[in-house]
Structures are given as structure tokens and as C-alpha cells.
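Q: Sharing a model prediction with you, sequence too.
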Amino acid sequence: MGHAESHKALIWKVFGLLSLITIVEVVLGIIKPEFLFKTQFLGTSILNSLFIILTVIKAYYIVYYFMHLGDEKKNLQYSIVLPLVILIPYLATLLIIEGGYVHDSVAQYINWRY
Amino acid sequence: MGANIADKSEGKTWDGGSVKPMGASYGKMMMWFFIVSDALTFSGFLAAYGLTRFKFIDIWPIADEVFTHFPFMHGAHAPMYYVALMTFILIFSSVTMVLAVDAGHNMNKKKVTFYMFLTIIGGIIFVGSQAWEWKNFIQGSYGAVQLKDGKIVQFVKDGHQIALSDFVVAHEKEAVDHTRNNGLWFESGEANPSFSVEEVVASFKANHDVNLRLERIDPETKEKIIVSRAEAFRFLEESARVVEGANLEVNEYGSAQFADFFFFITGFHGFHVFSGIVLNIIIFFNVIIGTYERRGHYEMVEKVGLYWHFVDLVWVFVFTFFYLV
């Protein structure tokens, strides 16, 4: 608190980085390079995994530089980040595996011949 | 009220004393914990979306084919440009917010006012854009036919989807829309679609270059399967109704759950943006009348800033899971 010096240069740098990542995402999403889009890895295409990784990077920069979580005490940082980092991947993994299982058991009964 | 201004509560036992294990004021810490719980709520929604999507992985609508509109460019096929623009607007309003917080640290009232104002404008533009996106989605762009078992079939020409109005010849409309004026006075029915099923089927027979596309995705090409015309007639024999646009029950782009999740998750996010704008406006006026100048610090701007960045953070994930993946 108090009369800290201005972090303007850093803020604009982070903005530039976030914009760059967004542009890369949109360009990849529009051209969908064959080797990324058609290659399956861990149940989805490499392109999708790449999008998720880029999104997590964006999230990191927003939380650490825009929300200034990096300036907080270590114990506050961990009490915010750890529950999210543990619970969200846990929930997502279980539900997505379950969704794939439901698909595998049900899709074969849908009729596509008339 | 001492708890609101934790800086000045030092030494008072009932405010927790001077020991601050987390090194943050009460208000700021509680904003952080609210954000943690809200993040878990959004994760729950997005994980449920993931479950449903994997459940219908072979028939899920392809986002590029659903969101193709751009303002002032009629009929242009512009996948994702618009949401990319919306993402920029929100990231930019996040930047002006963090600049306002930064100016607050330097007790620069003028700059805080200016940047808060820009943030509010950015938020309003974003919510307006979302409303426009919803309008396009609800109105639909092509129209489709729903079969008796609920499947959606669309029409294509040379591999590109075409609107019903591009090839269907309408005869005189026999069905009359049920409005409050001509039926039961206390209720009105749904508007009739522009074309009847019979007109669509007859026009499909007459136009030999129009083909039928299923919801189903070919795992090899990752594109929707287009069936032969002979097969198409067998599909169209099962036609139940013409679908134009999307609502919670039926959706011309395919699976109804896609529309349900779209409305629910972007709606819930849009509501967060709206609340954020309201909070920002309140703080904006407090800044103008000098509340924080007198208080000696601009921590309130920091707190609404946290919320505003969180809204931006959620949008980053919604953007990825609805439009990119």
C-alpha cells in the first residue's frame, strides 16, 4: 500500500502478451493445421490440448499481474491457488471420463440408417 | 466498521488485533475467497459442459459453423472474429482497471476517475456484444429440419450450408400465427416457421444440387457427414418440423444441449459482467466525490478490480471451451 511506484510498463507488457496469445489462438482456430487438428492424444486433438495450455498461461498472467496475487503473502497465495488447482482438474477429469464412457455405451444404439 | 479499514484497526483485539497472518485486509481477503468459490461454480458448469460434450462427441455442433456473424458484414462468413474482438474488449477493460488500481496506489484521483470510466465503458460494450451474439444465435442463420426422433438435418450446396430461404419455394401460408388478437385472448402461440415441412421436401426434390447434412461428425475428416440424395429422401420422410434459430428446447445447429449450455454459461457470465459494471459505477462515483481521497487509500478500487479481473478470467475459459476447443 501507500505510494508505490507505477507499474505501467509492466501492465502494458502483460496486455501485449495476452493479446498475442489470443491472436495465436484465433489464428490456429481458423486455419486448424492438419497435423495438430487430426492427431489424437489423450482423448482429444493436440490442437485442443494446445488451446487449453495457452488458456492456462493467460489465466496465470491475469491472476499474477492484473490481480497482483504475486504481491500477496505466500500463505494467502497458496490458500487461493491450491484448492483450485487440486479440485478443478479432479472434477473435470472425472466428469470427462464419465462422459466418454456414456458415449461409448449409448452411441451404438443411435440409428443413422433410414 | 473497523473491519472495513483494516489498516486502522491495529491493536484492537476485537478486530483480530494487529496479527494478520495473511497480510491482507478483511475486505480484500474475503473478495479473494469469494472469487475462489465463484471459480469453483464456473468450473462446475464448464465441467458439466465437458461431460455433455463427450457424451455427444460425435454429434456436437462445430462452433465455427454456429457463430459466424460480424457487425455490418451481412452474409459474410466470419467465424470467431467477433468473439475474438469481444475477448480483446474485455482484456482491455481489465488493463484500464489495473491502471486505475495503479493510479490509486499513487493517490492520483484524476487518473483513477479516468481509468474507471474507461473500464465501465468497456464492460458496457462487452455486455452489448454478448446481447448481439445471443440475438444472432436465437434468430438462427440457416434453418433446418428436425426429424421425428429429434435429429437435426441441414441443407448444403457445394459443401457449404445454405439457408432454407435460398432454395425453398413457399406457397401461400395457410397456418395463421396464434396471437392474442385471434385466438384465446390470454395467450399466444409460437410463430409459425417461414416454411412448412412439405414445402422444404418439395423444394429439395426440385433442386438437384442441394444435399442433406447430418449432425453426425465423420471421425476421419472431423466434418459433418453429407449423405447422398437417395439416402436424403429416406431421412426427409421422417421430417417432423422446420426449425429456425435456437432456444432451450430445439436448436437448428444440432444438439439442444449445446444451446442450453451456451445460454446458461454465457448468461451466467454476462450476469457477472453486469454486476461488475454496477459495482464499478458505484465505486466510480465514490472516487469522484472523494470518499477514498479522504479515507487515505484506494483499496476499494483494488477490491472491485479483483472482481473485474476475475470476470475477465472466466471469459478466457468460456472463450476457449465454447469457441476454440
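A: Yep, it's here. Residues are numbered from 1 along each chain as shown, chains lettered A, B, ... in the order given.
Q: So which bits of stretch B:188-195 are buried?
A: For stretch B:188-195, burial by neighbour count (16 or more other CB atoms under 10 Å in any protein chain shown) applies to B:Pro193, B:Phe195. The way it works is simple: take the backbone N, C-alpha and C, and place the C-beta from them, glycine included.
Q: list the contacts for the residue nearest to the spatial centre of chain B?
A: Central residue of chain B (CA atoms, centre = their mean): B:Thr266, 3.3 Å from the mean position. Contact analysis of B:Thr266 by CB atoms under 8 Å, 6 or more residues apart in numbering or on different chains lists B:Gln130, B:Glu133, B:Trp134, B:Val318, B:Phe322.
Q: Sticking with it, tell me its helix or strand.
A: For B:Thr266, the element it lies in under DSSP states H and E is helix B:256-288.
Q: Longest strand in chain B, please.
A: For chain B, the strand with the greatest residue count under DSSP state E is strand B:210-218.
Q: Against which helices or strands is it packed?
A: The contact analysis (3 or more CB pairs under 8 Å, 6 or more residues apart in numbering or on different chains; DSSP states H and E) places strand B:210-218 against strand B:152-157, helix B:197-206, strand B:223-227, helix B:229-236.
Q: pLDDT score for the residue nearest to the centre of chain B?
A: pLDDT, B:Thr266: 96.
Q: can you list the residues that contact stretch B:117-126?
A: Identification of contacts with stretch B:117-126 by CB under 8 Å, 6+ apart yields B:86, B:89-90, B:92-93, B:96-97, B:100, B:273, B:276-277, B:280-281, B:284, B:308.
Q: and chain A, which of these contact it?
A: Under the cut-off given by CB under 8 Å from any CB of the partner chain, chain A has B:Phe92, B:Met97 from the contacts of stretch B:117-126 close to it.
Q: Nearest to B:Pro21 among the contacts of stretch B:117-126?
A: B:Trp308 (26.8 Å; CB to CB).
Q: Enumerate every residue touching whatever residue of the stretch 101-250 of chain B ends up closest to chain A.
A: Across the stretch 101-250 of chain B, no residue is closer to chain A than B:Arg234, which sits at 4.0 Å (CB to the nearest CB). Neighbouring residues of B:Arg234 by CB under 8 Å, 6+ apart: A:Tyr114.
Q: Please repeat the previous calculation with a cut-off of 10 Å.
A: Shown in contact with B:Arg234 (CB atoms under 10 Å, 6 or more residues apart in numbering or on different chains): A:Arg113, A:Tyr114, B:Leu212, B:Val227.
Q: Same check on B:Met31?
A: Applying CB under 10 Å, 6+ apart, the residues contacting B:Met31 are A:Met67, B:Ala24, B:Ser25, B:Glu302, B:Lys303, B:Val304, B:Gly305, B:Leu306, B:Tyr307, B:Phe310.
Q: repeat for B:Ile226
A: B:Ile226 makes contact with B:Gln154, B:Phe155, B:Val156, B:Gly159, B:Asn211, B:Leu212, B:Arg213, B:Leu214, B:Asp218, B:Ala232, according to CB under 10 Å, 6+ apart.
Q: Serialize those residues to JSON lines and add fields for neighbour count.
A: Putting the contacts of B:Ile226 into JSON lines (neighbours: other CB atoms under 10 Å in any protein chain shown) gives the following:
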{"residue": "B:Gln154", "neighbour count": "24"}
{"residue": "B:Phe155", "neighbour count": "25"}
{"residue": "B:Val156", "neighbour count": "16"}
{"residue": "B:Gly159", "neighbour count": "9"}
{"residue": "B:Asn211", "neighbour count": "20"}
{"residue": "B:Leu212", "neighbour count": "21"}
{"residue": "B:Arg213", "neighbour count": "20"}
{"residue": "B:Leu214", "neighbour count": "21"}
{"residue": "B:Asp218", "neighbour count": "12"}
{"residue": "B:Ala232", "neighbour count": "22"}
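Q: got the CA coordinates for the longest strand of chain B in PDB?
A: What follows is strand B:210-218, C-alpha atoms only, in PDB (Å, rounded to 0.1, in the frame of the first residue of the first chain):
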ATOM      1  CA  VAL B 210     -28.900 -29.400 -52.800                       C
ATOM      2  CA  ASN B 211     -27.700 -32.000 -50.400                       C
ATOM      3  CA  LEU B 212     -28.500 -33.100 -46.900                       C
ATOM      4  CA  ARG B 213     -26.100 -32.800 -44.000                       C
ATOM      5  CA  LEU B 214     -26.400 -34.800 -40.700                       C
ATOM      6  CA  GLU B 215     -25.400 -33.800 -37.200                       C
ATOM      7  CA  ARG B 216     -23.000 -36.700 -37.200                       C
ATOM      8  CA  ILE B 217     -19.300 -35.900 -37.400                       C
ATOM      9  CA  ASP B 218     -17.000 -38.100 -39.600                       C
END
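Q: so for that strand, what's the average pLDDT?
A: Strand B:210-218 carries an average pLDDT of 91.
Q: which sections of chain A are below the confidence cut-off?
A: Scanning chain A for pLDDT under 70 picks out the ranges A:1-5.
Q: can you map out the strands along it?
A: Using DSSP E, strands in chain A cover A:40-41, A:44-45.
Q: The residue of chain B found nearest chain A is in what secondary structure piece?
A: As assessed by CB to the nearest CB, chain A sits closest to B:Phe54 within chain B, at 3.1 Å. Using DSSP H and E, B:Phe54 maps to helix B:26-55.
Q: got the angle between that helix and helix B:256-288?
A: Interaxial angle, helix B:26-55 versus helix B:256-288 (axes from the mean of the first three to the mean of the last three CA atoms, to 10 degrees): 160 degrees.
Q: could you give me the average pLDDT of helix B:26-55?
A: Averaging pLDDT residue by residue across helix B:26-55 gives 94.
Q: Flag every buried residue along it.
A: B:26-29, B:31-32, B:35-36, B:39, B:42-43, B:45-55.
Q: where does B:Val301 fall, phi/psi-wise?
A: Backbone torsions of B:Val301, given as degrees, to the nearest 10, read phi -60, psi -40.
Q: got a list of what the closest residue to A:Ala107 other than its chain neighbours touches?
A: Distance criterion CB to CB, 6 or more residues apart in numbering or on different chains; nearest residue to A:Ala107, sequence neighbours excluded, is B:Asp58 at 6.1 Å. The contact partners of B:Asp58, by CB under 10 Å, 6+ apart, come to A:His103, A:Ala107, A:Ile110, A:Trp112, B:Glu215, B:Arg216, B:Ile217, B:Asp218, B:Pro219, B:Ile225.
Q: Alright, calling it a day.
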